[in-house]
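A.B. asks: Need the 3D shape of this:
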Amino acid sequence: MMMNIELERDAFGRLVLTDAEGQRHAGVVPVRAFPLTAPDDGLSLVGPDGRELLWIDRLDQLPEGARALLGQELAPRDFAPTLQRLHKVSSFGVPSTWTVSTDRGETSFVLKAEEDIRRLEGGALLIASAHGVQFRIPDVRALDRGSRKLLERFL
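C.D. replies: You can find the predicted model right below:
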């Protein structure tokens, strides 16, 4: 069942929601409820005052144009490179500098605390760098042996 709403950008580039009653809300911000485990399920459209204007159970309930606009709006916030290989760590204590390969290229980052490595369901991990970049590992078992060995020191 398609939702009867309209999304567009205004002259200032802000997202504008026209709800089912025809009321316009400028400066709407989409927020995923489960950005890692179910990115297409549960999305809230929040007004500039921080209050929820609309809850969307599934993105496929929206017309294609609205989905595309939300995708553009969410893309910068959804940036989470996938860690593919762990080359080295500066020390096995924290803070430590990790040199890695990701799906976005080679990089290094600082891990401040062991608590910055979060376990997710299905053997996935989320690692937060000191600068706030989230690195995803969808399945630790899929990493090469050397990467797993280095990673185990922190788990």
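A.B. asks: only C-alpha atoms for contact and neighbour calcs from this point on.
C.D. replies: OK.
A.B. asks: Would you mind giving the secondary structure of E73?
C.D. replies: With DSSP: H, G, I helix; E, B strand; the rest coil as the basis, the three-state label of E73 is helix.
A.B. asks: Give the burial count for the nearest residue to it once chain neighbours are set aside, as a bare number.
C.D. replies: Using C-alpha to C-alpha, 6 or more residues apart in numbering and skipping the chain neighbours, the partner closest in space to E73 is P30 (7.4 Å). As a burial measure, P30 scores 20 neighbours (other C-alpha atoms under 10 Å).
A.B. asks: OK, contacts around P30?
C.D. replies: P30 makes contact with 43-46, 70, 73-74, according to C-alpha atoms under 8 Å, 6 or more residues apart in numbering.
A.B. asks: can you give me the helices in this protein?
C.D. replies: 64-74, 145-152 (DSSP state H).
A.B. asks: Give me the contact list for the longest one.
C.D. replies: The contact list for helix 64-74 (C-alpha under 8 Å, 6+ apart) reads 6-8, 30-31, 59-60.
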